[in-house]
Each structure stands twice: as C-alpha cells, then as structure tokens.
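1. make a model of this:
(one chain, ligands or ions: 1)
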Amino acid sequence: MSRALIIAVDGPAASGKGTVAARLARHYGLPYLDTGLLYRAVGLAVLDAGGDLDDAATAETAARKIDAAHLEDVERLTDRGAGEAASRVAGHPGVRAALLDYQRAFAARPGGAVLDGRDIGTVIAPDAPAKLFVTATPEVRATRRWKQLTGRGEVIAFEDMLADILRRDERDAGRGAAPMVQAADAVLLDTTELDIDAAFDAARRIIEAARARMGKSNA
Ligand code: DC
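-> Below you'll find the predicted structure:
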C-alpha cells in the first residue's frame, strides 16, 4: 500500500512554520492542523476558569475537553497571553497525553495531512515521510511576532517580545515531556534571510525530494 503524504513541520515560535505549513497544505490539497492552537485553547480554558496554569490536574482536565470547536476563535488563541499560557500547560505530560489521539487521528487521514508544532516529527507522526524543522534567529522571530501583534493593536515593547521568545524557547526545548527538538530525519529550514515566498519555495523543494523517495519505496 502506498504511504500517505504526512508532512510534519516543527520549530520554535514565529519561525515561519505556520505560514509554510499552511501554504504546503494548500499546495498539496491536504488538511492542515496547527497543533499550537490545541495547547493555546487549553491555556485559555484554564485561565477563563480562574485556574492555575502550573497545576497539572487542572490543565489535564481542561485538555480532555478540547475539541475542534475550541479552535475557532483564532484571533484570541493567537494573542500574546495565549502563547505564554500554552507553553506553560504544554509542559504537563497529562496535557500532552490528552491531546495525543486528536493529533494522531488527524495525521492518519487517508490522503495525508500537514501538522505543525513542536513534537510532530518526533512523537505525533514519527513515521511521517516528510519532516521539516523550521527555524530563524530569536531576533528575527521576535521582530516578526512584534510586527504581527502591534499590527493588530497589541501594545508591546520589542525587548519584551524578544524576552518572551527566548523564555518560550527555553521552556519548550527544556521540558521533560516531548521537548522541542529536530527529529533525526527532519530537514532544517532556516528562514532568517527568507521572505515568505522564498521560505515556501525551499520547503516545497524539500517535500518534493521526500515525495520522490516515497515514489521509489512504493514502486
Ligand atoms: O506554535 P505555537 O506558538 O502556537 O505554540 C504555542 C505553545 O504550545 C508552544 O510554546 C509550546 C506548545 N506546543 C507544544 O508544546 N507542542 C506542540 N506540538 C505545539 C505547541
């Protein structure tokens, strides 16, 4: 049986992975899941209930209730507070376990799928035939996120944005449960010097090489 085109896109905050993943999904006609939204939804659910983000049981209970309906308010899910809350609840193994089936089922869709996050190539879809690890310098990532957030009215100093990014990198890469790490078979894509079109082009070439390998192994 031929393998489905599962594209795993991992990397740190504001590396460009979401934009690249969404464009790859459009290009190949595949469904796309931004898995960061799941963790953001859990963080917001805990905050909305007045709970403590660092309390594992509270966060896991919230995670067990997350479904597609919680992913609709993208504006709120992508604000600064939600990103910070997501990174904190994402460190609880119980939260990660609660969100596993949803992500694995999405990855297993018959025609394939594109998922982006921190642990897609390592934990969610370790057998994905195409894996990217998208990165850029912290300064460039902070500049992108700062422009995005100030562009829609959030008030934030650049230095605070950079500190946010560095703190999140450290927390996401340093946690015990499914830390952010490049999978051994993922291709590194550094977008520091690339605009969106150039990053997408580079990503598409990497996926085409993976598809060529799939074609050979299916033959
Ligand atoms: O990709 P993002 O910035 O929307 O993710 C928000 C946070 O969620 C991130 O700091 C860590 C966590 N996350 C995770 O631990 N694993 C994923 N697959 C996706 C996100």
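
2. got any ranges where the protein has weak pLDDT?
-> 1-2, 218-219 (pLDDT under 70).

3. let's see it at 80
-> Applying pLDDT under 80 to the chain flags the ranges 1-2, 216-219.

4. what's the burial count for the closest residue to Glu139 other than its chain neighbours?
-> In space, and not counting its chain neighbours, Glu139 is closest to Leu162: 6.7 Å by Cβ to Cβ, 6 or more residues apart in numbering. C-beta: built from backbone N, CA, C; applies to glycine. Leu162 has 17 neighbouring residues, counting by other Cβ atoms under 10 Å.

5. again, but for Pro179
-> Count around Pro179 with other Cβ under 10 Å applied: 15.

6. would you agree it is in contact with Ala173?
-> Yes - using Cβ atoms under 8 Å, Pro179 is in contact with Ala173, at 5.4 Å.

7. on that earlier part again, name the SS class of the residue nearest to Glu139, please.
-> Following DSSP: H, G, I helix; E, B strand; the rest coil, Leu162 is assigned to helix.

8. mind listing what it touches?
-> Pro138, Glu139, Ala142 (Cβ atoms under 8 Å, 6 or more residues apart in numbering).

9. and those residues as TSV, adding secondary structure and distance to Ala125?
-> Putting those into TSV (DSSP: H, G, I helix; E, B strand; the rest coil; distance: Cβ to Cβ, whole Å) gives the following:
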residue	secondary structure	distance to Ala125
Pro138	helix	27
Glu139	helix	31
Ala142	helix	29
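
10. restricted to buried residues, select the residues you listed in ChimeraX.
-> Restricted to buried positions by 16 or more other Cβ atoms under 10 Å, the ChimeraX selection for these reads:
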select :138,142
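
11. what would the contacts of Leu162 look like in TSV with distance to Arg204?
-> TSV is the format used below for these (distance: Cβ to Cβ, whole Å):
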residue	distance to Arg204
Pro138	26
Glu139	26
Ala142	27
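
12. could you list which of the contacts of Leu162 also contact the ligand?
-> Among these, no residue is within reach of the ligand (Cβ under 6 Å from any ligand atom).

13. residue ranges of the strands in the protein, please?
-> For the chain, the strands defined by DSSP state E cover 5-10, 32-34, 112-117, 130-135, 187-190.

14. identify whichever of those lies nearest to the ligand.
-> Closest to the ligand of these is strand 112-117 (Cβ to the nearest ligand atom; 2.4 Å).

15. elements contacting the closest one?
-> In terms of contacts (3 or more Cβ pairs under 8 Å, 6 or more residues apart in numbering; DSSP states H and E), strand 112-117 is packed against strand 5-10, helix 17-28, strand 32-34, helix 93-107.

16. list the contacts of the lengthiest helix in the chain.
-> Secondary structure of the chain per DSSP state H: the longest helix is helix 196-218. Under the contact criterion Cβ under 8 Å, 6+ apart, helix 196-218 has outside partners 2-3, 5, 7, 9, 16, 19-20, 23-24, 27-28, 129-132, 134, 187, 189, 191, 194.

17. just stretch 108-120 next, same as before
-> Outside stretch 108-120, the residues within contact range by Cβ under 8 Å, 6+ apart are 4-11, 17-18, 20-22, 24-25, 28-36, 90, 96, 103, 106-107, 124-125, 128, 131, 172, 178-180.

18. between the strands of the chain, which gets nearest to Arg76?
-> strand 32-34 (14.2 Å; Cβ to Cβ).
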